[in-house]
Structure formats: C-alpha cells, structure tokens
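Visitor: could you look at this predicted model? Sequence included:
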Amino acid sequence: MWQHSVGTVGAYDPGAHLADLLGVPLDHEALRQEVYARHQTRCEAQPLLPGVVDRAREARAAGLRTAVASSSLSEWVEGWLARHRIRDLFDAVCTRDQVAQVKPAPDLFLLAAARLGVAPEECLAFEDSPNGIRAARAAGMRCVAIPNPLTRHLPLGEADLVVESLADHSLAEILRRVRPSDGPSV
C-alpha cells in the first residue's frame, strides 16, 4: 500500500493503517518521529544512485539547463544536494512548499520548466515512481524512469523509456532514445 504513495504526499498514513490493523490507538506523533529518525539514518547511509552525477555533468557540458522537482520539502532537498555536493549541477530546485499540489499533479514540473525558461514539451524528466511519471506526462514532458528498490515492481509503463541505471547509458544515448522522430530536440 505504501509503495503506491511514493513520489507524492498525504496519500497513505501508515500510523492510521497500523492503528486500524491492531485495533488500538497509537501515539501518531511519537510514531512519526521514530519513522523520521530511522528514515534519516537510512538516507545518510545511501550513496547517490550510479550515473546521476555523470548524467547531470553531461547535461551541463551540453549547455542544457537542469532542475530538481521533488515532492519533498525544500529544506530536505537542499540539505541532501549540499550533503552530496551536487547543488551546483542544478539551475533550479522546486519543492512541495513552492506549489499548490505535488505529484501526480504537474505543478512541480511546470514550475521547474518556468524557472528554467524552457517549454515543458522541451523538457525531459527523470523519475523513479509512477506518481512522478504521471506528473511529468501531465506537464507535457517526456520521461525516463529509473526504478529504485522500492519502485522497481510498480508499473512504470507510462514512461517513454525505462532504464535500470543511469550508469548504463550516456545522456546522448538517452536523448536519442526519447526524442520524437518528428519533434524538436531536447
């Protein structure tokens, strides 16, 4: 149930679900704090996914503008970009505290395109969840799915291309594979 809420906010309340299953009231705030602490610890142990930095650097070298569009809060996203020393690879960072609706609504991607000064149909989104893919498509963008361990068994077929890892494909190859034969280049 939780996997289907990846990439959005408020779609699933694990505390309420657990309380219903157990038939007893829970201290939701204590549970939320415990889950947050464990999540933070696990995130700190995770390296960037292979190929992310290389593809972002290729985009920059090619003169392409780049953005992050995340359903997470700005403080969280900016913190991780700084921690991994990759903030300079992105021209814009768009987060849930800057839009009315998060993914699967297109708001984050439309904001990113506007901040980059690029028409949405000229953008290519990289996503790891069905909600993110739906948001990119609703914004009029092409989309590459890179599933993570949590999303690899979810339906990602709405993406224009699904790759197991960005490390396996150059940006030029990805662009060739998603560029419409009769449309503009990305």
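Guide: That came in fine, so what should we check first? Residues are numbered from 1 along each chain as shown.

Visitor: any residues touching stretch 110-123, and which ones?
Guide: 65-69, 91-92, 94, 98-99, 106, 109, 139-142, 183-184, 186 (C-beta atoms under 8 Å, 6 or more residues apart in numbering). In short, each C-beta sits where N, CA and C put it, glycine included.

Visitor: mind checking the end-to-end distance for it?
Guide: In stretch 110-123, first residue to last residue: 10 Å (C-alpha to C-alpha, to the nearest Å).

Visitor: would you list the buried entries among the contacts of stretch 110-123?
Guide: 65-69, 91-92, 94, 99, 106, 109, 139, 141-142, 186 (16 or more other C-beta atoms under 10 Å).

Visitor: which ones among these are found in strands?
Guide: In this view, the buried ones among the contacts of stretch 110-123 that belong to strands under DSSP state E are 67, 68, 69, 92, 94, 142.

Visitor: let's have those residues in TSV, adding pLDDT and distance to residue 177.
Guide: Below are these laid out as TSV (pLDDT from 0 to 100; distance: C-beta to C-beta, whole Å):
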residue	pLDDT	distance to residue 177
67	98	21
68	98	22
69	98	21
92	98	25
94	98	25
142	97	10
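
Visitor: nearest to residue 34 among those residues?
Guide: For these, the residue nearest residue 34 by C-beta to C-beta is residue 68; the value is 27.7 Å.

Visitor: what about the closest residue to the closest one other than its chain neighbours, neighbour count?
Guide: Nearest residue to residue 68, sequence neighbours excluded (C-beta to C-beta, 6 or more residues apart in numbering): residue 93, at 4.7 Å. Per other C-beta atoms under 10 Å, the neighbour tally for residue 93 reads 17.

Visitor: please name the nearest non-neighbouring residue to residue 53.
Guide: In space, residue 53 is closest to residue 86, 6.2 Å off (C-beta to C-beta, 6+ apart).
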